[in-house]
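In: I would like to see how this sequence folds:
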Amino acid sequence: MAKLSIGKAWEETVPFVKREGHLLFPVAFALIALPIVVLMQMLPADYTGFTAGAGGAKPQPLPPMYSLGFMVVAVLSMMGALTIYVLALRPGISVGEALMRAMRRTPALLGALLLVGMAVGLIMLVLVLVLGMLAAAVGPAAATALLPILVGGLLTLASARFLLLNVVVAEEGLGVLASIRRGWDITRGQLWRLVVFLIIFFALLIVVQSAAQGILGVVGTLIGGPDIGRLLGGLAGAIAGGVIQVYLLVMTARIYLQLRA
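Out: This is a model prediction of the structure:
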């Protein structure tokens, strides 16, 4: 079993991002951040928090094209992540070459994520059924309180165990099932280190993104009204999130290199 050092991965990530940021950040902004901003602008104002609902009024229905937009943004985000992984793992490759490889590997990643998601969803369904049967013994309130804890724990464990699935798909060129097996095997024995790593990074992402979105949202609202506030807040949050995600993706690639060895 390979020895994993999160500190070493971070020490390698910082100079790499500093050196190659002129390639990494435009990819993250174009394929991850900006599509999210566009998707957010498709939402009615009462979904974003910049405009409070009046007296608890029922939220407006989602636009008919929102589901399609969500799927497009999800695919673009996958392509962006794969492109950054290729750039991080193959120094000297051009952005165009990395993007072409990412496009070729996106169907495999989509298939792998769908299968993993179905498996996790099935386990969640079993948890819900078990809690439903236990509700009579522990009480409905206790069962309801336990559900988000169990679901959150399951999602965190699954995310940590399959943290390197995207990197495996980007780098190793395997099929869907082989990528899932490889993504599972490569993190064997490293679960709790990766759980802590994910918790710290996503806590940082939430704090930085929320702060940027809130500050620019308020400033935009004061300057140009709620619509400008939504736009500036969404743009600031997406840019801040894109910066954090670049570090997360590059660091994940460095972790992969340690465990692959």
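In: For the closest residue to F25 other than its chain neighbours, list the residues it contacts.
Out: Spatial nearest neighbour of F25, chain neighbours left out: V246 (6.1 Å); criterion: Cβ to Cβ, 6 or more residues apart in numbering. The C-beta positions use only the backbone N, C-alpha and C, and glycine is treated the same way. By Cβ atoms under 8 Å, 6 or more residues apart in numbering, the contact list for V246 reads V17, G21, L24, F25, A28, I84.
In: Got the confidence number for the closest residue to P26 other than its chain neighbours?
Out: Nearest residue to P26 in three dimensions, chain neighbours excluded: V95, at 7.8 Å (Cβ to Cβ, 6+ apart). We have a pLDDT of 95 for V95.
In: and V95, what is it in contact with?
Out: Counting by Cβ under 8 Å, 6+ apart, the residues that V95 touches are L23, P26, V27, T83, L87.
In: Keep only those of the residues you listed that are in helices.
Out: Counting by DSSP state H, the contacts of V95 place L23, P26, V27, T83, L87 in helices.
In: List just the nearest of the residues you listed to V126.
Out: Closest to V126 out of the ones in helices among the contacts of V95 is T83 (36.4 Å), distances taken as Cβ to Cβ.
In: distance of that closest one from G21?
Out: 14 Å (Cβ to Cβ, to the nearest Å).
In: Check which residues of the helix or strand harbouring A238 are buried.
Out: When elements are assigned from DSSP states H and E, A238 belongs to helix 226-260. Neighbour-count burial for helix 226-260, counted by 16 or more other Cβ atoms under 10 Å, picks out 228-259.
In: Let me see the mean pLDDT of it.
Out: Here the average pLDDT along helix 226-260 is 90.
In: Filter the contacts of V95 down to the buried ones, ChimeraX style.
Out: The ChimeraX selection below is limited to those of these classed as buried (16+ other Cβ under 10 Å):
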select :23,27,83,87
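In: which ones are touching L34?
Out: A238.
In: Just say helix, strand or coil for it.
Out: Of the three states, L34 takes helix according to DSSP: H, G, I helix; E, B strand; the rest coil.
In: Now R90. Nearest residue, chain neighbours left out?
Out: R90's closest residue in space is A98 (Cβ to Cβ, 6+ apart), at 7.3 Å.
In: before we move on, what about L4?
Out: Computed as Cβ to Cβ, 6+ apart, the closest residue to L4 that is not its neighbour in sequence is Q190, at 5.1 Å.
In: same check, this time on L194
Out: A160 is the one closest to L194 (Cβ to Cβ, 6+ apart), at 4.0 Å.
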